[in-house]
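S.K.: Starting from these lines, generate the structure:
(one chain, ligands or ions: 1)
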Amino acid sequence: MEGNGKAEGAIEMFEAQAHIYKHACNYVNSMVLATAIQLNIPDIIHTHGKPITIPNLVSALKLPPHKSNAIFRIMRLLTHNGFFDSTKLNEEEDGYVLTASSRLLLKSQIPNLSPFALFAVDPVMLAPWMVLGDWFSRNEESSAFETAHGAPMWEFCDTNSRFNNVFNEGMASDSQMMRLIVKDCEQAFEGVRTLVDVGGGTGMIAKLILEAFPRLKCTVLDLPHVVAKQTECENLGFLGGDMFHSIPSADAIMFRHIMHDWSDEECVKILKKGREAIMANKNDGVKKGKVIIIDMVLGAEEDNERDVTEMKLIFDVLMMVLVTGKERTEKEYENLFTQSGFTHHKITPIFGLTSLIEVFP
Ligand SMILES: C[S@@+](CC[C@H](N)C(=O)[O-])C[C@H]1O[C@@H](n2cnc3c(N)ncnc32)[C@H](O)[C@@H]1O
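M.R.: Below you'll find the predicted structure:
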């Protein structure tokens, strides 16, 4: 019995060791994924049109044959992680095919999340993690990003055009997922004739909304360096500005992935500007304006799914490290709305990680 007891204790400790190593080495998963994207592996498998063997993949990648074993090992890990499937073609060879996850990484398709996956491991994004421990004992910087790069993220983007592009492309690629559910949000846009997408980046979401609701007129408000080169069209305009100073009036003011970038105090300032913009709106025929927030809500029903909860908690810490923001529970959102003068709100979970929150003055 004693022997068994010891063995059981040992099993638990070895499981704990595997758990620790898995988390300590998790960056390997991120980096291997980014490498597969950089090498163009998903697109090559897609173009091949049937299960691809390692020799065929190596030849399509135009790599020296002695790199075959390295490619095999990358493919084996990515297959284990659900990015590819493998089928036995004969005694000796496996063929690799795409899965739902790698289909979302195809550069030739929409949505294409490759720019987001590359943005997430950009050296600029990784540097703050090296100083996170130091940041805890420092008072001067608002985020570890500022400790690492000497400027808050938005200022850094203004001066570093390479990272500004990587960031904007990452955001735009993530926005493409909205295409799948924009029609489901119809009720939120009912009766809305003018919309301002605050912090709307390069306008990807605005374009998707206009495709679904062509009678809308939309203005994207973002920092001048983000909107500088965007092309306007009849019902889509771009405005360089600062949401802390002023937001143009409209029937609805939208914030997608904006609230989670900012602290409670900063959110209240932004929401008050949003409320002013609705109240100043002179359009008749619309009963009352509203703010539309698209963001994650912690503790929403679908959090029973472990992966979704983990992803929300990861985003929460990301927001702490990169900017001054956080992910919030419904109660925390409600406190922000009350402090900003709004009377009521309605939360509708949409697919994936995000919820749609309508907030009324
Ligand atoms: C996390 S991104 C979200 C982009 C877009 N809404 C989306 O969902 O993909 C935050 C955006 O807020 C913009 N932003 C930051 N500070 C701002 C300010 N003071 N006024 C207007 N936009 C700002 C950034 O340039 C960036 O495009």
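S.K.: Grab the nearest non-local neighbour of Pro224.
M.R.: Across the structure, with CB to CB, 6 or more residues apart in numbering as the measure, the residue nearest Pro224 apart from its sequence neighbours is Gly240 (3.4 Å). Bear in mind the C-beta positions are built from the backbone N, C-alpha and C, glycine included.
S.K.: Correction: the previous question concerned Pro128.
M.R.: Here the nearest residue to Pro128 in space, its sequence neighbours aside, is Ala144; by CB to CB, 6+ apart that works out to 3.9 Å.
S.K.: Just to check, the residue nearest to Pro224 is in contact with Thr219?
M.R.: No - the pair Gly240 / Thr219 is not scored as a contact, 11.2 Å apart, by CB atoms under 8 Å.
S.K.: which one of those two has more residues nearby?
M.R.: Between Gly240 and Thr219, counted using other CB atoms under 10 Å, the more crowded position is Thr219 (21 against 14).
S.K.: can you dump the C-alpha coordinates of whichever helix or strand the more buried one is part of into PDB?
M.R.: In this structure, Thr219 sits in strand 217-222 according to DSSP states H and E. These are the backbone C-alpha positions of strand 217-222, laid out as PDB (Å, rounded to 0.1, in the frame of the first residue of the first chain):
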ATOM      1  CA  LYS A 217     -23.800  56.500 -43.500                       C
ATOM      2  CA  CYS A 218     -20.700  55.800 -41.500                       C
ATOM      3  CA  THR A 219     -17.700  57.800 -40.300                       C
ATOM      4  CA  VAL A 220     -14.600  56.200 -39.000                       C
ATOM      5  CA  LEU A 221     -12.900  58.200 -36.300                       C
ATOM      6  CA  ASP A 222      -9.300  57.200 -35.400                       C
END
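S.K.: Strand partners (parallel or antiparallel) of it?
M.R.: As defined by DSSP bridges, the strand partners of strand 217-222 come to strand 194-198 (parallel), strand 236-240 (parallel).
S.K.: right, and the helix or strand after the first one?
M.R.: Along the chain past strand 194-198, the next helix or strand (assigned with DSSP H and E) turns out to be helix 204-212.
S.K.: and that next one, how far out from the chain's middle?
M.R.: Using CA atoms, centre = their mean, to the nearest Å, we find the averaged C-alpha position of helix 204-212 to lie 17 Å away from the chain's own average C-alpha position.
S.K.: helices or strands up against it?
M.R.: helix 161-175, helix 186-189, strand 194-198, strand 217-222, strand 236-240 (3 or more CB pairs under 8 Å, 6 or more residues apart in numbering; DSSP states H and E).
S.K.: Tell me which of the ones you listed lies nearest to Ser355.
M.R.: Proximity to Ser355, assessed across the helices and strands packed on helix 204-212 by CB to CB, is greatest for helix 186-189 (11.4 Å).
S.K.: Let me see the mean pLDDT of that closest one.
M.R.: For helix 186-189, mean pLDDT rounds to 89.
S.K.: got the buried residues for stretch 68-76?
M.R.: For stretch 68-76, a neighbour-count test (16 or more other CB atoms under 10 Å) marks Ser68, Ile71, Phe72, Ile74, Met75 as buried.
S.K.: How about stretch 294-307?
M.R.: Neighbour-count burial for stretch 294-307, counted by 16+ other CB under 10 Å, picks out Ile294, Asp295, Met296, Val297, Leu298, Ala300, Asp303.
S.K.: List the residues that contact the residue in the stretch 51-200 of the chain positioned nearest to the ligand.
M.R.: For the stretch 51-200 of the chain, the residue positioned closest to the ligand under CB to the nearest ligand atom is Gly199, at a distance of 2.9 Å. Residues touching Gly199, when contacts are defined by CB atoms under 8 Å, 6 or more residues apart in numbering, comprise Leu221, Asp222, Met243, Phe255, Arg256, His257, Ile258, Asp261.
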